[in-house]
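A.B. asks: turn this into a structure:
(2 chains, ligands or ions: 2)
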There are 2 protein chains.
Amino acid sequence: MNFCSHCGHRVQFAIPDGDDRPRYLCEACGTIHYQNPRIVAGTLPVRGSKILLCRRAIPPRKGYWTLPAGFMENAETTVEAAARETQEEACADVSIHGLYTLINLPHINQVYMIFRADLDGGFDAGPESLEVALFEEHEIPWEELAFPTIERTLRHFYQDRLSDDYPLHISDITPEDRERYFGSA
Amino acid sequence: MNFCSHCGHRVQFAIPDGDDRPRYLCEACGTIHYQNPRIVAGTLPVRGSKILLCRRAIPPRKGYWTLPAGFMENAETTVEAAARETQEEACADVSIHGLYTLINLPHINQVYMIFRADLDGGFDAGPESLEVALFEEHEIPWEELAFPTIERTLRHFYQDRLSDDYPLHISDITPEDRERYFGSA
Ligand SMILES: [Zn+2]
Ligand SMILES: [Zn+2]
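C.D. replies: Residues are numbered from 1 along each chain as shown, chains lettered A, B, ... in the order given. Ligands and ions are numbered 1, 2, ... in the order given. Alright, predicted model coming up:
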């Protein structure tokens, strides 16, 4: 951030009076420009023993497989965001159950929220997907998953499926987790 | 938003190519300025049969009672944000249990996440609180709570306490809910 989005003046990066961390400040109009984490909402769509994955048509991680998920928009709920992303990426309607994984990625200012869902009807590749397909557990392309959040959610699912009990899992992904996942490349 | 925070040029509000909703766009440098909901993280601090509330020293709803909660910051996790807000507003350390209420407020682009917590040690009014106190159920100032999210979380808690079972509650607050809560004032 270089300029004030309100008045166009150049901003400073300094600790405001009464605050404890630096913010982008505009001396001209007095606006403090707060920056906050973003929610990535998505679903784990299930049909019988299979789950639905999308192969990404866009960066980052183009060509890798993911659960349908994306940035929550203003004016929608988390459940609406998860359903919308599933419709956009997989052309699929889903019936959403509970929140299943809540994963913090503090180093990139994201919070993943993945909901378990039943896949209703058909599916197809949306504009951001190269292909969309259903996978049995032994068919999951573990080495070609797009993000550590996706791998972690799938691991929880196959573990929990043994007891047919799917509690909310809250966890964090650290920079070390990410490095381990993506390698040094 | 009037100006591009990257280059300082005046922005437009229009639908980008390949998108389906209007965004703030900069024709000069090509930046699309996305806007996303913010997370409000907090705790429901419990000690024995009592819960801790803070009376707000700042707008909005100055003088009204709330659970300790505030905007999640970049570079922290949801649990860290909830604990930090509890420390800031009530000078209290807490041991955080599970996520308890997840409440969407799509008309103001907020997502509340309140965690159940045990109150460890003492408490005191932080700079944003006029006073901080423990309440038995019959002492809760229902008519002087700051926000409908707080009332809803407390109602869930007293209901769930009857069975000592505290599942995650996901819900939305609509503009109609808000109007009912705040009245026509
Ligand atoms: Zn300004
Ligand atoms: Zn620009």
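A.B. asks: tell me what the strand or helix carrying residue A:159 is packed against?
C.D. replies: Per DSSP states H and E, residue A:159 falls inside helix A:148-161. Packed against helix A:148-161, as judged by 3 or more CB pairs under 8 Å, 6 or more residues apart in numbering or on different chains; DSSP states H and E, are the following elements: strand A:38-47, strand A:93-105, strand A:110-120, helix A:175-182. Every residue, glycine included, has its C-beta placed from N, CA and C.
A.B. asks: and after it, which helix or strand comes next?
C.D. replies: Remark: after helix A:148-161, the chain's next helix or strand is strand A:169-172, criterion DSSP H and E.
A.B. asks: ok, and what's touching that next one?
C.D. replies: Outside of strand A:169-172, the residues within contact range by CB atoms under 8 Å, 6 or more residues apart in numbering or on different chains are A:100-106, A:152, A:156, B:77-79, B:98-99.
A.B. asks: list the contacts of the closest residue to residue A:32 other than its chain neighbours.
C.D. replies: Spatial nearest neighbour of residue A:32, chain neighbours left out: residue A:23 (5.1 Å); criterion: CB to CB, 6 or more residues apart in numbering or on different chains. The contact partners of residue A:23, by CB under 8 Å, 6+ apart, come to A:13, A:14, A:15, A:16, A:32, A:33, A:34, A:35.
A.B. asks: isn't the third one up against residue A:21?
C.D. replies: Right, residue A:15. Yes: in this structure, residue A:15 is within contact of residue A:21 by CB atoms under 8 Å, at 6.4 Å.
A.B. asks: show me how chain A divides into domains.
C.D. replies: Chain A breaks down into these domains under automatic domain parsing: A:1-35, A:38-182.
A.B. asks: on that earlier part again, buried ones in the helix holding residue A:159?
C.D. replies: A:148, A:149, A:150, A:152, A:153, A:154, A:156, A:157 (16 or more other CB atoms under 10 Å in any protein chain shown).
A.B. asks: what's the distance between it and the middle of its chain?
C.D. replies: Computed by CA atoms, centre = their mean, to the nearest Å, the separation of helix A:148-161 from the middle of its chain amounts to 14 Å.
A.B. asks: what of stretch A:99-109?
C.D. replies: 8 Å.
A.B. asks: quick one: the residue nearest to residue A:32 from residue A:110, how far?
C.D. replies: With distances taken as CB to CB, to the nearest Å, residue A:23 is found 20 Å from residue A:110.
A.B. asks: got the contact list for residue A:34?
C.D. replies: Contacts of residue A:34 by CB under 8 Å, 6+ apart are A:23, B:71.
A.B. asks: now for chain A, the helix or strand with the poorest mean pLDDT.
C.D. replies: Among the helices and strands of chain A, helix A:175-182 carries the lowest confidence by mean pLDDT, DSSP states H and E, at a mean of 89.
A.B. asks: helices or strands next to it in the packing?
C.D. replies: So helix A:175-182, by 3+ CB pairs under 8 Å, 6+ apart, packs with helix A:148-161.
A.B. asks: interface residues of chain A facing ligand 1?
C.D. replies: For chain A, the residues in contact with ligand 1 (CB under 5 Å from the ion) are A:4, A:6, A:7, A:9, A:26, A:28, A:29, A:31.
A.B. asks: could you save these as CSV and add columns showing pLDDT, neighbour count and secondary structure?
C.D. replies: CSV is the format used below for these (pLDDT from 0 to 100; neighbours: other CB atoms under 10 Å in any protein chain shown; DSSP: H, G, I helix; E, B strand; the rest coil):
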residue, pLDDT, neighbour count, secondary structure
A:4, 97, 24, coil
A:6, 97, 16, coil
A:7, 97, 14, coil
A:9, 97, 15, coil
A:26, 97, 19, coil
A:28, 97, 13, coil
A:29, 96, 10, coil
A:31, 96, 17, coil
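A.B. asks: can you lay out these as JSON lines showing distance to residue A:56?
C.D. replies: Output for the residues of chain A next to ligand 1, formatted as JSON lines (distance: CB to CB, whole Å):
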{"residue": "A:4", "distance to residue A:56": "35"}
{"residue": "A:6", "distance to residue A:56": "36"}
{"residue": "A:7", "distance to residue A:56": "39"}
{"residue": "A:9", "distance to residue A:56": "39"}
{"residue": "A:26", "distance to residue A:56": "38"}
{"residue": "A:28", "distance to residue A:56": "42"}
{"residue": "A:29", "distance to residue A:56": "40"}
{"residue": "A:31", "distance to residue A:56": "37"}
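A.B. asks: which single one of these is nearest to residue B:136?
C.D. replies: residue A:31 (43.0 Å; CB to CB).
A.B. asks: nearest residue to the closest one other than its sequence neighbours?
C.D. replies: Using CB to CB, 6+ apart, the closest residue to residue A:31 is residue A:6 (4.8 Å).
A.B. asks: go ahead and confirm the one you found touches residue B:5.
C.D. replies: No: in this structure, residue A:6 is not within contact of residue B:5 by CB under 8 Å, at 9.6 Å.
A.B. asks: so for chain A, the centremost residue is which one?
C.D. replies: Nearest to the centroid of the C-alpha atoms of chain A, with distances taken as CA atoms, centre = their mean, sits residue A:40, at 3.3 Å.
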